[in-house]
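Trainee: okay, predicted coordinates and the sequence, questions at the end:
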Amino acid sequence: MELRLKEDELDKIVELIKRSGKRVVLLKGPLGSGKTTLVKAFAKDEDVTSPTFSIQQVYGGDIYHYDLYNAGFGKFMELGLFEELFKDGYHFIEWADEELEKMLKAMGLDYMKIEIEPEGDKRVYRMEDA
């Protein structure tokens, strides 16, 4: 599925994520494309910041936000964060790579992949279930 939306229309994507039943969401896109902005829209009243240096942030007790940009898959595994994905709640992972996708499949974890691409004052959101 592909949607072209402005930032104030992100509630449409939030509802699609909630209705999908997927608890792990991989967010891909270039720097500044709106990955963290999407998590902010999902978390609504929480003070969402990019976990680039902390690797993980937790909001409201059931929204987990990870950023693998600096750490990569190896550090994610080393810190035991893969096990976090089995906790109830929604898990948003920025900069997920093919290694993580292979591990998710091997462990039987369903996930949704959202690729975000800037396009003028909108963003193109390409979503697929895996």
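Mentor: Looks like it arrived, so ask away.
Trainee: mind checking how far the closest residue to residue 48 other than its chain neighbours is from residue 10?
Mentor: Spatial nearest neighbour of residue 48, chain neighbours left out: residue 40 (4.2 Å); criterion: C-beta to C-beta, 6 or more residues apart in numbering. Where you see a C-beta, it was placed from the backbone N, CA and C, and this is true even at glycine. Per C-beta to C-beta, to the nearest Å, residue 40 is found 8 Å from residue 10.
Trainee: just to revisit the earlier point, pretty sure the residue nearest to residue 48 sits in a strand.
Mentor: No - read with DSSP: H, G, I helix; E, B strand; the rest coil, residue 40 is helix and lies in no strand.
Trainee: dump stretch 66-77 to CSV, restricted to CA.
Mentor: C-alpha atoms of stretch 66-77 as CSV (Å, rounded to 0.1, in the frame of the first residue of the first chain):
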residue,chain,number,x,y,z
TYR,A,66,14.7,1.8,18.6
ASP,A,67,17.3,3.4,16.3
LEU,A,68,20.0,1.2,14.8
TYR,A,69,21.6,4.0,12.7
ASN,A,70,24.8,4.2,14.9
ALA,A,71,24.6,0.9,16.7
GLY,A,72,23.6,-1.5,13.9
PHE,A,73,22.2,-5.0,14.3
GLY,A,74,25.2,-6.4,16.2
LYS,A,75,24.9,-3.9,19.0
PHE,A,76,21.2,-4.4,19.1
MET,A,77,21.7,-8.1,19.7
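Trainee: buried ones in it?
Mentor: 66-68, 71, 73, 76 (16 or more other C-beta atoms under 10 Å).
Trainee: ok, and what's touching that stretch?
Mentor: Residues from elsewhere that reach stretch 66-77 (C-beta atoms under 8 Å, 6 or more residues apart in numbering): 50-53, 55-56, 79, 81-82, 91-97, 99-100, 103.
Trainee: what count of nearby residues applies to the residue nearest to residue 48?
Mentor: Counted with other C-beta atoms under 10 Å, residues neighbouring residue 40 total 19.
Trainee: what's the answer for residue 35, then?
Mentor: Close neighbours of residue 35, defined as other C-beta under 10 Å, add up to 26.
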